[in-house]
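Trainee: Sequence first, then the predicted structure, then my questions.
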Protein chains: 2
Amino acid sequence: MLSTMQDVPLTVSRILTHGSTVHGDSQVITWTDGEPHRRTFEAIGRRAAQLARALRDELSVADEERVGTLMWNNAEHMEAYLAIPSMGAVLHTLNLRLPAEQLVWIVNHAEDRVVLVNGSLLPLLAPLLPQLPAVEHIVVAGPGDTSVLDGARARVHDYEELIAGRPETYDWPLIDEREAAALCYTSGTTGDPKGVLYSHRSLYLHSLQVNTAEAFALTPRDITLPVVPMFHVNAWGLPHAAFMAGASLLMPDRFLQPAPLAKMIETVRPTIGAAVPTIWQGLLAELDANPYEVACLHTVVIGGSACPPALMRGFEERHGIRVVHAWGMTETSPLGSVSHPPAGVSGEEEWAYRATQGRFPASVEARLIGPDGEQLPHDGESAGELEVRGPWIAGAYYGGAQGEPLRPDDKFSPDGWLRTGDVGTLTSNGYLTLTDRAKDVIKSGGEWISSVELENHLMAHPHVLEAAVVAVPDDKWGERPLATVVLNEGATIGYAELKAFLGERIARWQLPERWALIPAVPKTSVGKFDKKVLRRQYADGELDVTLLA
Amino acid sequence: MLSTMQDVPLTVSRILTHGSTVHGDSQVITWTDGEPHRRTFEAIGRRAAQLARALRDELSVADEERVGTLMWNNAEHMEAYLAIPSMGAVLHTLNLRLPAEQLVWIVNHAEDRVVLVNGSLLPLLAPLLPQLPAVEHIVVAGPGDTSVLDGARARVHDYEELIAGRPETYDWPLIDEREAAALCYTSGTTGDPKGVLYSHRSLYLHSLQVNTAEAFALTPRDITLPVVPMFHVNAWGLPHAAFMAGASLLMPDRFLQPAPLAKMIETVRPTIGAAVPTIWQGLLAELDANPYEVACLHTVVIGGSACPPALMRGFEERHGIRVVHAWGMTETSPLGSVSHPPAGVSGEEEWAYRATQGRFPASVEARLIGPDGEQLPHDGESAGELEVRGPWIAGAYYGGAQGEPLRPDDKFSPDGWLRTGDVGTLTSNGYLTLTDRAKDVIKSGGEWISSVELENHLMAHPHVLEAAVVAVPDDKWGERPLATVVLNEGATIGYAELKAFLGERIARWQLPERWALIPAVPKTSVGKFDKKVLRRQYADGELDVTLLA
């Protein structure tokens, strides 16, 4: 029996209309040239309508067409965030930090015919154009040297000239909430990038969740500082959520360095910020070194990777800024878990909860899957691969305009849950602690050994500079750990002594038999251990491995 | 192009499963016998499964079947709130304050075959049973004298005995989110009661909204006190929202008097409460008269009717409790607008904002319709009937098991919006101020005259005790105001003087020509002005009316 409630879809155009009327006085504040440039939500709404008119009437953007954005966090990108989905097209954010060949692959896969680009990013886009045959229109927002586009096949438009004089309203179409609204590619270390195709429904529900008190709790009395880029998982959903709640937005554009960040916080007085640990680490150092007035900022949300406890305590104890840990990924929109402590805890117990990845909201179900595919208890002990399900979790990847959705077995379980590739534990009260990436876990005789745990113990030894543990094939156990160790300069210590040191800390069956001294752990471009290099070196016999019974 | 996000429905069973696992330590605390009785969300979850098993296996409750509850706010009602929708049946809350003949009409219209009832309410239910032929099973929760049911046709079950020993899990069915989940009848002053049939989707989205920071902001660190009854618009959505957020619930059962309320607040320490003004008025008097420790309670939400400013200031200034005004109705789930002030206001300006009915969230669109059906500007001046649209707003009434949904013209606009029957203004930044019920507005020559405004001005005169203004037919203008006035004892004042007094305060064309002195304004059973009596007295020539040119 169907209910008799109104059948009103959850769409981005509702966020746009609501924010630009009821919260028309709220502002998007873009930081450029060392000062704030303010634009009201009401003006954003009018300009979003003009942008949609231009895209439709001038550039013939069709329903469902992907429109690329290669932009920093700023007011024009916000207009694109609202206009493109609302008109029935698909906002395709391009990650300007990707290697050139991946950017080219992504633009071609999405078949972007129109690309909005910040003038400051033209030097990045221009050299790629010969490999982007589908791109017909380039719309340049903000100052930049357009001469680098001379000779390009595509037509070049100035953003302001393109939208100027057009009607400031748009009769936003009624859209099925399950229609595509935005597209963001995730690039793993292997295989082609994979597109996550968000729906109006998923963006809307995610915005509601972001605005709950248990997540980021945005209100019209907040100014939100998304340092996390808008080309990175929708800036964690903050632009749409803030526009829905009427929370103003401080947009740092390309000024993500510690000094300008501190300056804009002191000047514009945001209340809540969000970024990856590296950025906040730099900001903390800046705040420690120089006097800034930042008491306005009561919360910073950290995600993207685990946050060092010293960083959390440093912000809170020295600057009165509370750090909140969160977890998510491109496939999860990205929220994910948020680490607010439970009721009734304090002191070190509270810190222990806050160091976890936190709890999931009602809309995201989580389960742990063990080495043999079995579901594990949420007992805080049993480690398994995290799988999640929910209305803003990807169920497949974008297959391209002609392709079927992609549903690779290593990313989706047979019953449709997302395999996150992260390994960890869940407590009975829902707190997630991640320990490993699934590909870094050693599957030994139906049990899992955490490479990260072995590494942390090894690196706690006074003579060890670095240690990386990887899985290597083993006839009897399937896989066993190989410990590769970098000693401190001048240190001499035997494998047996290291193994004994480990033996005092972990179960006997987890102890590595294979050991190798190496001069340095191979690293990726962002400084993480590159374990696939070690696995290949082992396979190719390039490591000098000692076997200990 | 459909997105590739997971297609996961928004259902009550998700709220149940999430709350009883991740927030299993949170509690439903029922106040009876002068003390708190605590039950964890985990236990609520187990018992909800047992209740569903009993309803399905023992009482053969079918999908889509309405199950009535005639209960106060307590843990067993919470179990019914979760179990009945989750199993695919429809929770039908019965308002125990309705006149007997309306209760009978409603139970028969909904075709309730099973009724859950608190033992303390058996004296209310028993006399109605002869008129309720469809009721086959009565499930009695809590102590009460069941002998009043002797001779009833229906089988009588004890709640605890019925659920005891049954499996503590239930494989909740996958339900389309647009399926009916709950049913609540609204009884106007005219016509039959009308059933609002909530969906899983509407309850879920409403719960998310309640938990946003801009609404009630519930978290696991809160204890929620819904004084508003669970038989009244789902206790404003608080039970489902709190269970979703992991916020504990203090349930006052039938102890809604000022002294026990103050005692339970002091004992259990809730953080946020919700009730109609009358209840809070009594509580304020109790807190003023006796020493209680109530600092825990930071917010009380007031809705149901406009809150007197003195009540808001009294709670805040004398007890540090912030009063938040909210508006809604059975047809709106009920949230509605909430009156948090905008950014950057303080002092009297802030109080002025807080005295309004507040702002709507993104999911509820509002518009004002004038006397001639035209849409009015949101300028804070133009008064019109409020119409709303959104995913948790009713689009029709329940037509009964065999009937088509009811969509009366006076309740729904041709384009599907709900006609609220309330008249007021909206500011450009979305603040709603209600002035009249539409039926109390005087439609004079294509303009509206607010009867409430005239009454307030008249009652400000030092010689006037009460004044009620109603519309009466007028050949020239369609309708004109009739002013009925009760003078203070011993006061003598002429109509001309009263009219002159009014003339200094309102526009000339709004001044009443018809005046009558009456001994007292007729009142309804809850003490509101009963204007339909005055209109009938005027029509029947029972009033001594003086005409002033």
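Mentor: Arrived safely, thanks for sending. Numbers count the residues shown, from 1 in each chain, chains lettered A, B, ... in the order given.

Trainee: Strands along the stretch 301-450 of chain A, start to end?
Mentor: A:322-327, A:337-338, A:365-369, A:384-389, A:418-426, A:432-437, A:442-444, A:447-449 (DSSP state E, counting those that start in this stretch).

Trainee: List of residues touching the helix or strand following the last one?
Mentor: Next helix or strand after strand A:447-449 toward the C-terminus (DSSP states H and E): helix A:451-459. When contacts are taken as CB atoms under 8 Å, 6 or more residues apart in numbering or on different chains, the neighbours of helix A:451-459 outside the stretch itself are A:435-436, A:440-442, A:464-471, A:481, A:483, A:485, A:498, A:501-502, A:505-506, A:510, A:512, A:531. C-beta coordinates here come from the backbone N, C-alpha and C atoms, glycine included.

Trainee: thinking again about what came up before, winner for burial among the strands of the stretch 301-450 of chain A?
Mentor: With neighbours taken as mean count of other CB atoms under 10 Å in any protein chain shown, these reach their highest mean count in strand A:337-338, at a mean of 25.

Trainee: Narrow the contacts of helix A:451-459 to those that are buried.
Mentor: With burial judged by 16 or more other CB atoms under 10 Å in any protein chain shown, the buried subset of those is A:435-436, A:440-442, A:464, A:466-471, A:481, A:483, A:485, A:498, A:501-502, A:510, A:512, A:531.

Trainee: just checking, residue A:285 touches residue A:259?
Mentor: No. Counting by CB atoms under 8 Å, residue A:285 does not reach residue A:259; the two are 10.4 Å apart.

Trainee: got the domain boundaries for chain A?
Mentor: A:367-388+A:411-437, A:441-547 (automatic domain parsing).

Trainee: Count the neighbours of the nearest residue to residue A:142 once chain neighbours are set aside for me.
Mentor: Sequence neighbours aside, residue A:119 is the residue nearest to residue A:142 in space, at 4.6 Å (criterion: CB to CB, 6 or more residues apart in numbering or on different chains). Number of residues near residue A:119 (other CB atoms under 10 Å in any protein chain shown) recorded here: 15.

Trainee: My guess is residue A:119 contacts residue A:141. True?
Mentor: Yes. In terms of CB under 8 Å, residue A:119 counts as a neighbour of residue A:141; the distance is 6.8 Å.

Trainee: helices and strands around the lowest-mean-pLDDT helix or strand in chain A, which ones?
Mentor: The helix or strand of chain A with the lowest confidence, counting by mean pLDDT, DSSP states H and E, is strand A:447-449 at a mean of 85. For strand A:447-449, there is no helix or strand it packs on, judged by 3 or more CB pairs under 8 Å, 6 or more residues apart in numbering or on different chains; DSSP states H and E.

Trainee: neighbouring strands for it, and are they parallel or not?
Mentor: Within its sheet, and counting by DSSP bridges, strand A:447-449 is paired with strand A:442-444 (antiparallel).

Trainee: how far is the partner strand from where the chain is centred?
Mentor: 28 Å (CA atoms, centre = their mean, to the nearest Å).

Trainee: Stretch A:100-119 too?
Mentor: The answer for stretch A:100-119 is 19 Å, by CA atoms, centre = their mean.

Trainee: Buried ones in stretch A:51-60, by neighbour count?
Mentor: A:51-56, A:59.

Trainee: how about those residues in CSV, adding pLDDT, secondary structure and distance to chain B?
Mentor: Shown next, in CSV, are the buried residues of stretch A:51-60 (pLDDT from 0 to 100; DSSP: H, G, I helix; E, B strand; the rest coil; distance: CB to the nearest CB, whole Å):
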residue, pLDDT, secondary structure, distance to chain B
A:51, 98, helix, 21
A:52, 98, helix, 18
A:53, 98, helix, 22
A:54, 98, helix, 22
A:55, 98, helix, 17
A:56, 98, helix, 17
A:59, 98, coil, 19
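
Trainee: Now the stretch 401-549 of chain A against chain B: closest residue?
Mentor: residue A:430 (3.4 Å; CB to the nearest CB).

Trainee: Tell me how far the least confident helix or strand of chain A lies from the chain's centre.
Mentor: Strand A:447-449 has its C-alpha centroid displaced from the chain centroid by 28 Å (CA atoms, centre = their mean).

Trainee: ditto for stretch A:22-42
Mentor: 25 Å.

Trainee: How many residues are close by residue A:65?
Mentor: 22.

Trainee: Within range of chain B, give me the residues from the stretch 1-150 of chain A.
Mentor: A:1-10, A:14-15, A:17-19, A:21-26, A:64, A:90 (CB under 8 Å from any CB of the partner chain).

Trainee: let me fix that: the stretch 401-549 of chain A
Mentor: A:405, A:416, A:418, A:428-430.

Trainee: if you look at those residues, which of them are in helices?
Mentor: Per DSSP state H, helices hold no members of those.

Trainee: Which among these count as buried?
Mentor: If we count by 16+ other CB under 10 Å, these have these buried: A:405, A:418, A:429-430.

Trainee: Among those residues, which pair sits farthest apart?
Mentor: For those, the farthest-apart pair by CB to CB is A:405 and A:429; their separation is 35.2 Å.

Trainee: how far out from the middle of the chain is stretch A:132-145?
Mentor: 26 Å.
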